[in-house]
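1. Pasting the sequence and the predicted coordinates here, then a few questions.
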Amino acid sequence: MHIIEKALLDAYDGWTQLSNGERNRLIRCPECGDSEKLDHGHLSITRSYPFLYKCFRCNWSGAVNADFLKTFGVEITPELEEALKENRASVRATAGEHAANHARNIQNIVRGLSSQMTVPKILDSDRSSEKIEYVLRRFNANFTNEELGKFGVIPDLRRFWKVNRIASLPRKKEELSVIADDYVAFSDSGCNGLICRNIREEELLGRYQEVRFRKGKERLYCFKERLDLKETKLKLILAEGIFDLIGIWNKFPRVREGCILAACLGKSPSKVIDFFTDLGFLDQSITIFADNDVEDARILRDIRELEYPEILGYKVTIARNSIGHDFGVPADQIKLITKRVNQRFR
């Protein structure tokens, strides 16, 4: 056990009664007095470098230092003082690493720049295909070829395979034939694979199918809207699926300005937020357009799984469609209701 963690453990009798995770411990917050329930605590403290703390109740947060330890009656020994110096260096190094990643990797989120795959442009002749007609009908919108390209739409999978000289794929030939005929495909943002949506009423192989090109590569679907990539502040719009994002983009032209729209694709929101944090976006304003069967508490619990929440600055708004289940519908079937969470770190 690290000397900083041991010092707190020795000083705080209630520590072991509360949550003891692999990366964080929860204790009661002395700053706000915490919950009336004595077995509940909201002050999260990391268990390794960088040692950070954050109260999810009153937003008291920062790097563990001598003043913080003295709050719990910890005596600062020379050994502990040396460990706290190392902690300050670790905090600076972590923030510096994220900033360096921003400068080095930020362009990777732009579709195709780092891709070895070519996504063919939407042709005028494609607009008569049932795949494009399905997308336009789904949203009751006449998207331009450029807008469909922004969404990564691939109406003709066989042409895509030919352009990229893909001789074989890790799927049965008959399954690929069904996908090519009955699914509209969307390229993920690094073109590590395709996410395919069934356009038929019958289930076929299922509503969604994936075709992967690179094993082990993180799946991400996003597109940006007039975003200054030199900025380290990020306005991030999150939704569950691709059609939700397209519906949001179609309905809210003012909301989408200067932001990145990203789909969780079955993952926790924290996984997507961590991805952009690793690119160097340390200050994030996040709007989560949630399906109506997903509770606020579950969303917030997912966000608290962030790898380094205590060095981030972010605020969260949860939005829902009061008319329908989600946002993957025409604009006239969306009525927005929002709830500001305002759990802002730092």
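-> Looks like it came in fine. Numbers count the residues shown, from 1 in each chain.
2. Per-residue pLDDT of D296, please?
-> Model confidence at D296, given as pLDDT, is 84.
3. what's the distance between the residue nearest to E79 when sequence neighbours are not counted and L80?
-> Nearest residue to E79 in three dimensions, chain neighbours excluded: I3, at 6.1 Å (CB to CB, 6 or more residues apart in numbering). Heads up, the C-betas are built off the backbone N, CA and C, glycines and all. Look at I3 and L80: by CB to CB, to the nearest Å, they are 6 Å apart.
4. Look at these two and report which has more neighbours.
-> Between I3 and L80, counted using other CB atoms under 10 Å, L80 has the larger neighbour count: 17 against 13.
5. Which residue is the nearest non-sequential neighbour of K121?
-> Per CB to CB, 6+ apart, closest to K121 is G149, 6.1 Å.
6. okay, and the helix or strand of this protein with the least pLDDT?
-> helix 78-105 (a mean of 72; mean pLDDT, DSSP states H and E).
7. Now do the domain split for this protein, please.
-> Structural domains annotated on the chain: 3-104, 124-212, 221-340, as defined by automatic domain parsing.
8. ranking those domains by burial, who's on top?
-> Stretch with highest mean neighbour count among those: domain 221-340 (a mean of 18; mean count of other CB atoms under 10 Å).
9. in which helix or strand would I find R197?
-> Using DSSP states H and E, the element containing R197 is strand 193-198.
10. hang on, isn't the residue nearest to E79 packed against E86?
-> No: I3 lies out of contact with E86 (CB atoms under 8 Å); the separation is 9.9 Å.
11. what's the next helix-or-strand element following the strand holding R197 packed up against?
-> Per DSSP H and E, the first helix or strand lying C-terminal to strand 193-198 is strand 208-212. Judged by 3 or more CB pairs under 8 Å, 6 or more residues apart in numbering; DSSP states H and E, strand 208-212 is in contact with helix 173-182, strand 193-198.
12. nearest to T118, of the ones you listed?
-> strand 193-198 (12.9 Å; CB to CB).
13. Can you tell me the strand partners of that closest one and which way each runs?
-> Here strand 193-198 has these sheet partners by DSSP bridges: strand 183-187 (antiparallel), strand 208-212 (antiparallel).
14. who wins for proximity to P30 among those?
-> Going by CB to CB, the one of the strands paired with strand 193-198 nearest P30 is strand 208-212, 48.1 Å.
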